[in-house]
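Chemist: Fold the stuff below for me.
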Amino acid sequence: MAARLTALLLLALLLGACSAQVKQLEPVVVNRYPHDPAAFTQGLLMSEGMVFESTGIYGASSLREVHLESGRVLRRVNLDERYFGEGLELVGDRLIMLTWREGEALVFDAETFTHVETFTYDGEGWGLCYDGADLVMSDGSDQLTFRDPETFEELRRVSVTADGEPIRNLNELECVEGHVYANVWLTREIVRIDPDTGDVSAVVDASPLLTQEQWAALTPDATLNGIAWNEGAGTFLLTGKLWPWMFEVRFE
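Modeler: The predicted structure is shown next:
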């Protein structure tokens with residue numbers, strides 16, 4: 001009950017904050033692909049036609065390479081049971097995966113999936129993306145933290161607001177063409193953020209991805225989560241925790 005109330009309040013805040021300066025976008029579905037319904041998706045990215053995914057839950061967290069069209073898991077590394085996997089990003093030949101409350105970012109060789117390094121940080125880890133210069137990290141608050149991709153050292157922070165109102169529960173991130181896209185946990189919304197100011201410039205309502213019956217059939221934990229940019233096609237991949245589908249969309 002508390003989670004549902006929080007979700008309604010967040011949705012009201014997001015929609016209420018949309019002034020004329022904040023665009024309202026809708027995902028137009030280009031394709032729908034199968035997705036492992038047991039994957040508690042936390043991070044999603046696409047690089048050179050390959051899809052990488054991180055999943056959460058203690059005892060079930062993993063790093064995966066996934067075949068987009070079939071949804072088949074091509075490679076998988078399971079994390080130690082003490083880790084709750086979170087956001088994921090690729091920097092060069094390294095995959096960097098956050099953990100929720102463990103304060104560790106696990107670094108894997110993208111070619112071999114071998115664990116090669118561990119960074120440490122304070123607080124929680126939720127989402128992660130790379131803008132070509134800095135890593136951008138969320139922690140479930142209204143803050144985005146910018147970090148050095150080589151050392152994971154904190155460089156700066158920015159507060160995310162829509163018309164001056166803080167937007168909290170920022171979760172999975174994707175850096176695209178000078179913007180940061182963020183899932184807002186417990187809602188069906190994605191916000192587009194100016195990384196310099198923290199201002200929300202657009203809100204994506206993902207409700208049309210599923211029918212009312214399909215939304216109702218999902219468990220409370222099966223929230224919208226997972227944004228990947230398909231640069232070659234100019235489209236986004238969207239999915240959710242425990243969702244049986246992944247959608248390729250354009251924002252219009």
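Chemist: Might one say that residue 88 is in contact with residue 46?
Modeler: No - at 11.3 Å, residue 88 does not count as touching residue 46 under the criterion of C-beta atoms under 8 Å. In this view, the C-beta of every residue, glycine as well, is placed from N, C-alpha and C.
Chemist: which one of these two has more residues nearby?
Modeler: Counting neighbours by other C-beta atoms under 10 Å for residue 88 and for residue 46 shows that residue 88 has the greater number, 30 against 23.
Chemist: so which helix or strand takes in residue 97?
Modeler: According to DSSP states H and E, residue 97 maps onto strand 94-99.
Chemist: who does that strand touch, helix- and strand-wise?
Modeler: strand 41-47, strand 85-91, strand 104-109, strand 115-120, strand 128-130 (3 or more C-beta pairs under 8 Å, 6 or more residues apart in numbering; DSSP states H and E).
Chemist: Distance check, the closest residue to residue 131 other than its chain neighbours against residue 125.
Modeler: Nearest residue to residue 131, sequence neighbours excluded (C-beta to C-beta, 6 or more residues apart in numbering): residue 175, at 4.2 Å. Residue 175 is 16 Å from residue 125, where distance means C-beta to C-beta, to the nearest Å.
Chemist: What about residue 142, how many residues nearby?
Modeler: Number of residues near residue 142 (other C-beta under 10 Å) recorded here: 17.
Chemist: Ok, residue 136 next?
Modeler: Residue 136, neighbours per other C-beta under 10 Å, totals 23.
Chemist: low-scoring stretches of this protein, by residue?
Modeler: By pLDDT under 70, the weakly predicted segments of the chain are 1-20.
Chemist: follow-up on the earlier one: need the helices and strands packed on strand 94-99 in TSV (columns: distance to residue 213).
Modeler: TSV is the format used below for these (distance: least, C-beta to C-beta, whole Å):
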stretch	distance to residue 213
strand 41-47	22
strand 85-91	30
strand 104-109	38
strand 115-120	42
strand 128-130	33
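Chemist: out of those, nearest to residue 234?
Modeler: The closest of these to residue 234 is strand 41-47. By C-beta to C-beta, the value is 12.0 Å.
Chemist: Contacts for that closest one, please.
Modeler: The contact list for strand 41-47 (C-beta atoms under 8 Å, 6 or more residues apart in numbering) reads 35, 51-56, 68, 85-90, 97-98, 127-129, 172, 174, 225-231, 237, 239-243.
Chemist: Name the residues of that strand that come out as buried.
Modeler: Neighbour counts over strand 41-47 (16 or more other C-beta atoms under 10 Å) mark 41, 42, 43, 44, 45, 46 as buried.
Chemist: list residues touching both of residue 88 and residue 46?
Modeler: Contact with both residue 88 and residue 46 is made by residues residue 52, according to C-beta under 8 Å, 6+ apart.
Chemist: ok, back up a step: contacts for the strand holding residue 97 next, please.
Modeler: By C-beta under 8 Å, 6+ apart, the surrounding residues in contact with strand 94-99 are 42-43, 52, 54, 61, 63, 79, 83-90, 105-110, 113, 116-117, 119, 125-128, 135, 137, 149, 152.
Chemist: could you redo the last one with a cut-off of 7 Å?
Modeler: Residues outside strand 94-99 that contact it (C-beta atoms under 7 Å, 6 or more residues apart in numbering): 43, 52, 54, 63, 83-89, 105-110, 125, 128.
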